[in-house]
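Participant: sequence and predicted structure are below.
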Amino acid sequence: MKYSEISHFSHPHHTLKPQHTEAPFKCDGCREVGIGSSYKCGGAACDFDLHTHCAIPSPTVVHPFYTMCSFQFLSRPPGTEARYCNACEKRVTGFVYHCRTCGFDLHPCCAKLPMVLADGDTKLHLYSKVNAPFVIRCGRKGRSWSYRSTCLKYNFHVACVKEMLVDSWHGLYDGCSYTGSRKSDTRIPSLKATLETHSNHTKGKSGKAQKCCEVAGLALQFVVSAVLGDPTSLIAGVVGTLMSK
C-alpha cells in the first residue's frame, strides 16, 4: 500500500510525509520508540515523527484477547492516575486505545501486533499468556502477551522485549541522549549476550546449541520488528544487525 502526505490533529501546522527509516525514532504520538515505516513532518525545523499506527489510527478496534471490549482511540490516557498497557505492561503516556467498559489500555502498536509472525520456516503465534519457560530476560512464566513458536521451543514476552529496548535506547525513551538531541542515538540494541546465555543452557543437547541460538535470534528479530511498529521482513533484516553487536 502506498501512503500519501497527510494532515494530523497532533501537528496541525505542517503536513506529515510517509518515510521509511532504518534508524529508531521516538513517536511523538504514543511516546514509544519505532523503526521502519512512519510519518515525519515536512517542516525543515521540525523533528516530529509518528508510527504509521499513530498517524492513521482506527477510531475503534476490537481484539481477540478481549472479546467483550471495544477500544477507542484517545490522544491521551484517561483520568489522572498512571495507566499501563495490558499487552506490554509499560506505562501509557500518549496515544492509547482504551476500553471504557473494562478499563483496559493498549499502546497503538501493541493493539496492532500481528496474531501470527511468519517468514519461511519461522512462525510465531501471539498469546495472552503462555505457561512455559521463556528464552530472554526474565525466565518467568505467564508474563504479559507473548509470542510462541509453532515448535514450542521459543517464547518471547512482549514486556521483556520492551524492557530490553528501553535499556538499550534509554535516551530515546527518556527524551534525551548523550549528544543533547533526543533522537540522535541510533544504536541498535545488542541481544548477542542474551542469546548466548540461552545457548549455554542448551549445551550438551545433541550438539544443537548454536543452531538453537540462531533460530531464537531470527525469531526475536521478528518480535522486535512487530513491537517497534513495522513487522516486515525488511525491518527484521535491519534489526538483525543487533546480532553482531
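Facilitator: Received it, and whenever you're ready, just let me know what you need.
Participant: how about the strands in the protein?
Facilitator: Here the chain has its strands, by DSSP state E, at 16-26, 33-41, 49-51, 60-63, 66-74, 83-84, 91-92, 96-98, 105-106, 116-119, 122-127, 146-149, 155-157.
Participant: buried stuff in stretch 103-110?
Facilitator: Neighbour-count burial for stretch 103-110 flags 104-110 (criterion: 16 or more other CB atoms under 10 Å). Any C-beta I mention is one placed from the backbone N, CA and C, and that applies to glycine too.
Participant: against C102, how distant is I35?
Facilitator: 31 Å (CB to CB, to the nearest Å).
Participant: these two: which is more packed in?
Facilitator: Just comparing I35 and C102: by other CB atoms under 10 Å the higher neighbour count belongs to I35, 24 against 13.
Participant: apart from its chain neighbours, what residue comes closest to the more buried one?
Facilitator: Leaving out its chain neighbours, the residue that sits closest to I35 by CB to CB, 6 or more residues apart in numbering is L228, at 4.5 Å.
Participant: now that neighbour: how far from P78?
Facilitator: Distance, L228 to P78, by CB to CB: 26 Å.
Participant: what do you get for Y127?
Facilitator: On the measure of CB to CB, Y127 and P78 end up 27 Å apart.
Participant: just give me the neighbour total for the residue nearest to R100 when sequence neighbours are not counted.
Facilitator: Leaving aside its chain neighbours, R100 sits nearest to Q72 (6.7 Å; criterion: CB to CB, 6+ apart). The tally of other residues near Q72 (other CB under 10 Å) stands at 15.
Participant: quick one: contacts for Q72?
Facilitator: Q72 is in contact with 59-60, 97-100, counting by CB atoms under 8 Å, 6 or more residues apart in numbering.
Participant: and the protein, what are its domains?
Facilitator: Domain ranges of the chain: 6-55, 60-111, 113-174+210-235, per the TED database.
Participant: centre of the chain to the last one, how far?
Facilitator: Just to be clear, that refers to domain 113-174+210-235. In terms of CA atoms, centre = their mean, to the nearest Å, the centre of domain 113-174+210-235 is found 9 Å from the chain centre.
Participant: straight-line length of that domain, end to end?
Facilitator: Length of domain 113-174+210-235, first residue to last, CA to CA, to the nearest Å: 15 Å.
Participant: kindly report the same for the first one.
Facilitator: End-to-end distance of domain 6-55 (CA to CA): 8 Å.
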